[in-house]
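Asker: next come a sequence and a model predicted from it.
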Amino acid sequence: MTTEEVLAEFSDGPGDGVFTDGGAVPNPGPGGWGAVYVRNGKVVAEANGHDPDTTNNRMELTAALEATKLVPDGVAATIYTDSRLVVQTINEWAAGWEQRGWRRKTGPVENLDLVQPLYRACRARPEIKLEWIAAHSGYLWNEYADALASRWRLE
């Protein structure tokens, strides 16, 4: 589905924030990520990208990291992701991993090259909150982010 089709079909969900999505088809395999910054129901900025050899988790983390760059410094915003893993990684687990030298109790942290900069970005920007949103529930801007993340498949 294109972003134009999403705008014509969906209208529910929050009207402010940064909405992100990422995925790989198959997983692992080629994938993409997307992020859209919305204020008062209008697109302020958007970004998307593609990786020929990746995973769902890497694309979700990349989308969240890129989302932090779309919000101007000092502006409060919620970053919405449909990845519980991303939310738990940053909001619950990363502080403990950092205290243990970026190691989990059971071994190394996966995707550390993305986890560390996302964690640092979120800590440096207390005005930004990271929250989970249900995937494929008809929420306009989550569907829009999904379309951005999938754009590479249409090209």
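Answerer: Thanks, I have it.
Asker: tell me the mean pLDDT over whichever strand in the chain runs longest?
Answerer: Looking across the chain with DSSP state E, the single longest strand is strand 42-54. In this model, strand 42-54 has a mean pLDDT of 98.
Asker: can I get that strand in CSV? Just the C-alpha atoms.
Answerer: Extracted in CSV, the C-alpha atoms of strand 42-54 (Å, rounded to 0.1, in the frame of the first residue of the first chain):
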residue,chain,number,x,y,z
LYS,A,42,-0.1,17.1,9.3
VAL,A,43,3.2,15.5,8.1
VAL,A,44,6.1,17.7,9.3
ALA,A,45,8.9,15.3,8.1
GLU,A,46,9.3,11.8,7.0
ALA,A,47,12.2,9.4,6.3
ASN,A,48,12.7,5.9,5.0
GLY,A,49,15.5,3.6,4.0
HIS,A,50,16.3,0.1,2.8
ASP,A,51,18.9,-2.6,3.6
PRO,A,52,19.4,-5.5,1.3
ASP,A,53,20.4,-7.9,4.1
THR,A,54,18.8,-7.2,7.5
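Asker: which SSE is immediately downstream of that strand?
Answerer: helix 56-70 (DSSP states H and E).
Asker: so what does Q99 have for phi and psi?
Answerer: For Q99, the backbone dihedrals are phi -60, psi -30 (criterion: degrees, to the nearest 10).
Asker: then G41?
Answerer: The phi/psi pair for G41 (degrees, to the nearest 10) is phi 80, psi 10.
Asker: quick one, the longest strand of the chain and helix 56-70 angle?
Answerer: With axes from the mean of the first three to the mean of the last three C-alpha atoms, to 10 degrees applied, the angle from strand 42-54 to helix 56-70 works out at 150 degrees.
Asker: parallel or antiparallel, list what pairs with strand 42-54.
Answerer: strand 29-39 (antiparallel) (DSSP bridges).
Asker: need the next SSE after the helix or strand bottoming out on mean pLDDT in the chain, C-terminal direction.
Answerer: When each helix and strand of the chain is scored by mean pLDDT, DSSP states H and E, strand 107-108 comes last, with a mean of 92. Once strand 107-108 ends, the next helix or strand along the chain (criterion: DSSP H and E) is helix 112-124.
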